[in-house]
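[1] requesting a structural model of the entry that follows:
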Amino acid sequence: MSKQLEFYFDFGSPTAYLAHCRLAQLATQYGIEIQYRPMLLGGVFKAAANTSPVTVPAKGKYMLEQDLPRFAKRYQVTLNFNPHFPINTLNLMRGAIAAEQLGCFPAYAQAVFNAVWVDGKDMGDPEVVIGVLQASGLDAAAIVARSQEPEVKAELISNTEAAVARGVFGAPTLFMDGEMYFGQDRLDFVEEALAG
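    The predicted structure follows:
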């Protein structure tokens, strides 16, 4: 039986994008099952009294100009800083839950992550989102409609509250075999556990 790894994420986080890319590689290599857990990072930050690293100018500059490019090179993936950052991801995260319910989450997640962190699109603009989803062969109208249903909105709130209750304070956060791992730069520990 393959190991299961829970991945708490928000599309607005460049480190969540890198983790998404690296986890796909690890899933292929080790046969792990990745369970995506959409949450609203702003809600997590507020509940945990945390802030985005980019709010600290020196840290933000280091992350964007040195640290993140290093990891993108290590993982052999493309990462471009989005000129529209920070993006309000509320509807994108609701869309993730809608896509899960509609059975098209993997394609949705790939389309959105790429639009934000490869193509630099303004995914806070609903028309841009519709265009991206349609270009990826997804039923944009169905996803957008479902994302606005009360139960979808409630599930995103519930996911975010559950994340905070588990000790999550940022994204990406992963859980495997009862262990919590924060940050895509800790994926070496996940791989170590998988290899062991």
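[2] for the protein, what spans make up the strands?
    Applying DSSP state E to the chain gives strands spanning 4-9, 33-38, 173-176, 179-182.
[3] what sits up against the last one?
    This means strand 179-182. Defining contact as Cβ atoms under 8 Å, 6 or more residues apart in numbering, one finds that strand 179-182 is touched by 166-170, 172-175, 187, 189-190, 193. For every residue, glycine as well, the C-beta is placed using N, CA and C.
[4] please apply the same query to stretch 183-196.
    Here stretch 183-196 makes contact (Cβ under 8 Å, 6+ apart) with 3, 5, 15-16, 18-19, 22-23, 26, 30, 32, 67, 71, 170, 172-174, 176-177, 179, 181.
[5] between the strands of the chain, which one is nearest to residue 108?
    Relative to residue 108, the nearest member of those by Cβ to Cβ is strand 33-38, separated by 10.1 Å.
[6] and the closest one, which residues are buried?
    By neighbour count on 16 or more other Cβ atoms under 10 Å, the buried set for strand 33-38 is 34, 36-38.
[7] need the helices for this structure, in chain order.
    For the chain, helices defined by DSSP state H occupy the ranges 14-30, 41-48, 57-62, 68-75, 90-102, 105-117, 126-135, 140-147, 150-165, 187-195.
[8] comparing those helices, which comes out most buried?
    helix 90-102 (a mean of 22; mean count of other Cβ atoms under 10 Å).
[9] that one versus helix 105-117: what angle between them?
    Going by axes from the mean of the first three to the mean of the last three Cα atoms, to 10 degrees, helix 90-102 is angled at 160 degrees with respect to helix 105-117.
[10] can I get helix 90-102 in PDB, CA atoms only?
    C-alpha atoms of helix 90-102 as PDB (Å, rounded to 0.1, in the frame of the first residue of the first chain):
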ATOM      1  CA  LEU A  90     -10.100  33.300  -2.600                       C
ATOM      2  CA  ASN A  91     -12.000  32.300  -5.800                       C
ATOM      3  CA  LEU A  92      -9.100  30.100  -7.000                       C
ATOM      4  CA  MET A  93      -9.100  28.100  -3.800                       C
ATOM      5  CA  ARG A  94     -12.900  27.800  -3.900                       C
ATOM      6  CA  GLY A  95     -12.400  26.600  -7.500                       C
ATOM      7  CA  ALA A  96     -10.000  24.000  -6.300                       C
ATOM      8  CA  ILE A  97     -12.700  22.500  -4.100                       C
ATOM      9  CA  ALA A  98     -15.200  22.800  -7.000                       C
ATOM     10  CA  ALA A  99     -12.700  21.000  -9.300                       C
ATOM     11  CA  GLU A 100     -12.300  18.200  -6.700                       C
ATOM     12  CA  GLN A 101     -16.100  17.700  -6.600                       C
ATOM     13  CA  LEU A 102     -16.300  17.800 -10.400                       C
END
